[in-house]
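A.B. asks: need a 3D model of the following:
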Amino acid sequence: MIICNLFYSCTLALGNDVNLAITEVVPSIDQVEVTNMGTAPVTLSGNYPFCHRFNYSSSIPSGTTFAAGESKVFTVSSLNATNSDLWLYRPGSFGSASNIISGLNWGASLLGRTNLATGANKWDGQSLTAPDAGNALALSEADVTSSTSWSTNVSPNLNSFSLPDFQADLISISNTTATLNWKGGKFPFQVQSSTMLTTGTWQNEETPTSSRSKQITLVEDRKFYRILSEYNEPDSVEYQVTFNATWSSNTHQNFPNGAHFSSLIGATHQSNVRFWEVEGTATSGIESMAETGGTSTLRNEINAAITNQTAERILSGSGIGSPGSHFFRFNVSQDFPLVTLVTMIAPSPDWFVGVSSLPLFQDGQWREQVVVSLYPYDSGTDSGTNFTSSNADTNPQEPIFLITGLPFDEEGQVAPLGTFTFSRVLP
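C.D. replies: Here you go, the predicted structure:
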C-alpha cells in the first residue's frame, strides 16, 4: 500500500527584483498592481518602466521599497483595454529580454514586446481574454510566465494579492506509477520521500521542478511523499560515512597477519586546498599517516587550513581490523562542500586508501549517497615492496600513485580493499 502525505515548507528567497511581478491589471482605469513575491524586501535602484504597445511613459520611481509580500498599485497611462501587452522592465534597453521582469498580453493579438518575452521564456506566447470595462485580469497561481495562471474578467481587488493555499490537488496511482498534483505555492518545488512519517529521513526525488505535477515510480510497499515550495537546499547538512573494509584472504591471496586500517582522518574543505592527490607530493601529514598510521601531523595541516579559512572541520574515526566496518557522522556546508578522508593500510611501508576532494554538494544539490571503492595508494615516501618491509625512505620522494601490481595484484587485477559510503542524514 502506498501512503501519500503532502507537506510544504518555504525558505528564504533572494531580496532582488526577480521576485517582483505584475499580479493584477484593470486596463479600463489604467491601474496595475505589482507584488514582491519573495520573502525579503526589495528596493529599486533606478526607475523601472512599464512597456505597453511600445509606450514607455510610466514607471515605478527609483527608491521604491516593497516589503516582503507587499503589493503596490501604479497608474500606467493610456492602457488599451481591448488589446495590449504590458511588461515591467528593469532600467536599460527595452530590446533586451533580460531586462523584462514580468508581464502579460490580452486581447486578439500578440503585441509589442510579447514575442521578445516569449522567446526568453518570460511568457508562454498566449493572449488572455480582454476583461470587460471595470473588470480585472488577476494572477491566481505563482507561475507568472503562464497564461493559465491568470483569471480573466474578475472584480478588481487591488492592493491585496495573495496566492491560493499550497495543498495537494490530486493523487492518482496506476500500476507502479503515482502522479502527485498540487496547487498554490511558489516554484521551485521539490518532491521528497521517506519510509517513515515522523522519524524517517526525507530524500529528494530527482531535481527541483517548476511544474505542479510529478510522476513517481513505486518500488516500495509503503512510502510517504511531501512537496516543498520555494525549495532551496539547506546551507549545511549531516552525513554519515561508513567504512566497510572488505580486504581479507577471500579478496586477496597475499593477505598479511594482523591486517587492519589505522584511525580515519580527514576534513571538509574548499577547492583551493588539497591534502593529497594522485601524482602530487605527499605532505608530512600524509607521509606520517601512510607510514605509521599517525594522525597528529595531518591534523596540524588541516588546522592550518581551517585557520586560513580553506577548510571547515576535521573528520576522525576509529581504526578497524579487516574485514570490518565503522561509521561516524559529520556536518558539511555549501561553503566547504569537499571531503578528504584517509586511513593507512597496515601493515605496510607507506600504503593507504582514501578519497581526495570528493564533492558532496554538486549541481546545486546535496548528493543523497556516494559510494567510493577504495584502491591502494603508495605515498611515495618509502621504497618497501611488501607488507612487512623494513623502513627504507624514498630519496628523492616520489609522487603518490595507485598501486596496480604486487602485493595486491590478483591475476592481473587489483580488487578494492573496501568502500566509503557517504549518506545524507539530515535534514
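A.B. asks: packing partners of the strand or helix carrying Phe74?
C.D. replies: Phe74 belongs to strand 71-75 when assigned by DSSP states H and E. Contact here means 3 or more Cβ pairs under 8 Å, 6 or more residues apart in numbering; DSSP states H and E; on that basis strand 71-75 packs against strand 31-36. Every residue, glycine included, has its C-beta placed from N, CA and C.
A.B. asks: mean confidence for the helix or strand following the strand it packs on?
C.D. replies: Scanning forward in sequence from strand 31-36 by DSSP H and E, the next helix or strand is strand 42-43. What strand 42-43 shows for mean pLDDT is 93.
A.B. asks: flag the shaky bits of this protein, pLDDT-wise.
C.D. replies: For the chain, residues meeting the criterion pLDDT under 70 lie at 1-15, 163-165, 170, 186-187, 200, 210, 220-221.
A.B. asks: hmm, back to that, just give the strands next to the strand holding Phe74 in its sheet, each with its orientation.
C.D. replies: strand 31-36 (antiparallel) (DSSP bridges).
A.B. asks: export the strand it pairs with as PDB, just CAs?
C.D. replies: This file holds the C-alpha atoms of strand 31-36, laid out as PDB (Å, rounded to 0.1, in the frame of the first residue of the first chain):
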ATOM      1  CA  GLN A  31      -4.400  50.500 -12.800                       C
ATOM      2  CA  VAL A  32      -1.600  47.900 -12.300                       C
ATOM      3  CA  GLU A  33      -0.700  46.000  -9.200                       C
ATOM      4  CA  VAL A  34       2.900  44.900  -8.600                       C
ATOM      5  CA  THR A  35       3.800  42.500  -5.800                       C
ATOM      6  CA  ASN A  36       7.000  41.400  -4.200                       C
END
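A.B. asks: which residues touch it?
C.D. replies: 19-26, 42, 50, 60, 66-76, 79, 86, 88, 156, 158-159, 161 (Cβ atoms under 8 Å, 6 or more residues apart in numbering).
A.B. asks: just to revisit the earlier point, just the residues contacting the strand holding Phe74, thanks.
C.D. replies: 23, 30-36, 50, 58, 60, 64, 66, 158-161.
A.B. asks: show me which of those residues are buried.
C.D. replies: 23, 31-36, 50, 58, 60, 66, 158, 161 (16 or more other Cβ atoms under 10 Å).
A.B. asks: just put the residues you listed in CSV and tack on distance to Leu358.
C.D. replies: Formatted as CSV, these follow (distance: Cβ to Cβ, whole Å):
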residue, distance to Leu358
Thr23, 45
Gln31, 56
Val32, 51
Glu33, 49
Val34, 45
Thr35, 43
Asn36, 40
Phe50, 50
Ser58, 54
Ile60, 47
Phe66, 42
Leu158, 53
Phe161, 45
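A.B. asks: what about stretch 314-324, how long is it end to end?
C.D. replies: 23 Å (Cα to Cα, to the nearest Å).
A.B. asks: roughly how far is it from the heart of the chain?
C.D. replies: 30 Å (Cα atoms, centre = their mean, to the nearest Å).
A.B. asks: sticking with the nearest residue to Lys223 once chain neighbours are set aside, tell me its helix or strand.
C.D. replies: Counting by Cβ to Cβ, 6 or more residues apart in numbering, Lys223 lies nearest to Ser193, which is 5.4 Å off, once chain neighbours are set aside. Per DSSP H and E, Ser193 falls inside strand 190-194.
A.B. asks: in its sheet, what does that strand sit against?
C.D. replies: Counting by DSSP bridges, strand 190-194 is paired with strand 203-204 (antiparallel), strand 224-228 (antiparallel).
A.B. asks: could you point out which of those strands sits nearest Gly95?
C.D. replies: Nearest to Gly95 among those is strand 224-228 (37.4 Å), distances taken as Cβ to Cβ.
A.B. asks: can you name the element that comes right after the closest one?
C.D. replies: Using DSSP H and E, the first helix or strand after strand 224-228 is strand 236-245.
A.B. asks: elements contacting that next one?
C.D. replies: Right, strand 236-245 is packed against strand 311-317, strand 320-321, strand 324-333, strand 338-346, strand 418-426 by 3+ Cβ pairs under 8 Å, 6+ apart.
A.B. asks: distance of Thr310 from Ala120?
C.D. replies: 39 Å (Cβ to Cβ, to the nearest Å).
A.B. asks: which of the helices or strands spans the closest residue to Tyr56 other than its chain neighbours?
C.D. replies: Sequence neighbours aside, Pro49 is the residue nearest to Tyr56 in space, at 5.0 Å (criterion: Cβ to Cβ, 6+ apart). Applying DSSP H and E as the criterion places Pro49 in strand 48-51.
A.B. asks: for Ser62, see how far away Ser172 is.
C.D. replies: Ser172 is 50 Å from Ser62, by Cβ to Cβ.
A.B. asks: cool, and Leu402?
C.D. replies: Taken as Cβ to Cβ, the span from Leu402 to Ser62 is 60 Å.
A.B. asks: and for Ala245?
C.D. replies: 64 Å.
A.B. asks: and what of Leu417?
C.D. replies: 64 Å.
A.B. asks: same deal with Phe422?
C.D. replies: Counting by Cβ to Cβ - Phe422 and Ser62 are separated by 49 Å.
A.B. asks: who has more neighbours, these two?
C.D. replies: Using other Cβ atoms under 10 Å as the criterion, Phe422 and Ser62 rank with Phe422 on top: 21 against 12.
A.B. asks: now the more buried one, nearest residue through space, not along the chain?
C.D. replies: Val370 (4.5 Å).
A.B. asks: where does that neighbour sit, in terms of helix or strand?
C.D. replies: strand 369-374.
A.B. asks: list the buried residues in that strand.
C.D. replies: 370, 372, 374.
A.B. asks: is the residue nearest to Tyr56 in contact with Ser62, as I believe?
C.D. replies: No: counting by Cβ atoms under 8 Å, Pro49 sits too far from Ser62 to count as a contact (11.1 Å).
A.B. asks: quick check: neighbours shared by those two?
C.D. replies: With Cβ under 8 Å, 6+ apart applied, the contact sets of Pro49 and Ser62 do not overlap.
A.B. asks: what about Ala68, how many residues close to it?
C.D. replies: Ala68, neighbours per other Cβ under 10 Å, totals 15.
A.B. asks: check contacts around the residue nearest the centre of the chain.
C.D. replies: The residue lying closest to the centre of the chain (Cα atoms, centre = their mean) is Gln365, at 2.2 Å. Under the criterion of Cβ under 8 Å, 6+ apart, the neighbours of Gln365 are 204, 207, 233.
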